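Participant: structural data only, the sequence is not supplied:
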């Protein structure tokens, strides 16, 4: 053997002696087979109790359907008012509408415009090199 192969063989033996691989007992084998049988039972019996992820997925789908339905109903309600031939149904909640002074509305709109402008500016800056460095310093 050449010197290089001899060194590689010694290093290989040394590495094998350093790594202690645990032997797997009968309990591990039994657990693996039990898990395989459980998966097969689930596949053959679809009426079994759904898993936690399946239940969560179902509730998420239900909440999405409810959200879409409510959104469509509200959009339809306001769209009916914009068409000339269709009258919007009157909804009386029995609560008087609040009356805001015109000056308060103008100040609120002006401040909202400034806040939205600042948020848009910060959002745009977050994609620059300075913004990336700032985000990296906080995480």
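Facilitator: Arrived safely. All figures in this text were calculated on a predicted structure; none of them were measured in a lab.
Participant: following element in sequence after whichever helix in the chain runs longest, please.
Facilitator: Taking DSSP state H as the criterion, the chain has its longest helix at helix 52-82. Where DSSP states H and E defines the elements, the next helix or strand beyond helix 52-82 is helix 102-125.
Participant: and that next one, average pLDDT?
Facilitator: Across helix 102-125, the average pLDDT comes to 92.
Participant: what's that helix in contact with?
Facilitator: Residues from elsewhere that reach helix 102-125 (C-beta atoms under 8 Å, 6 or more residues apart in numbering): residue 131. Quick note: C-beta positions are derived from backbone N, CA and C, even for glycine.
Participant: identify each buried residue in the following helix or strand past that helix, please.
Facilitator: Sequence order places helix 129-138 as the next helix or strand after helix 102-125, per DSSP H and E. Within helix 129-138, no residue is scored as buried using 16 or more other C-beta atoms under 10 Å.
Participant: just how off-centre is helix 129-138 within its chain?
Facilitator: 24 Å (C-alpha atoms, centre = their mean, to the nearest Å).
Participant: need the pLDDT of residue 48.
Facilitator: Residue 48 is given a pLDDT of 63.
Participant: okay, the residue nearest the centre of the chain and residue 72: tell me how far apart.
Facilitator: Central residue of the chain (C-alpha atoms, centre = their mean): residue 60, 11.5 Å from the mean position. Noted for residue 60: a distance of 19 Å to residue 72, by C-beta to C-beta, to the nearest Å.
Participant: that older thread, give the rounded mean pLDDT of the longest helix of the chain.
Facilitator: Across helix 52-82, the average pLDDT comes to 86.
Participant: please compute how far it lies from its chain's middle.
Facilitator: With C-alpha atoms, centre = their mean, you get 18 Å for helix 52-82.
Participant: by contact count, what packs against that helix?
Facilitator: Under the contact criterion of 3 or more C-beta pairs under 8 Å, 6 or more residues apart in numbering; DSSP states H and E, helix 52-82 touches no helix or strand at all.
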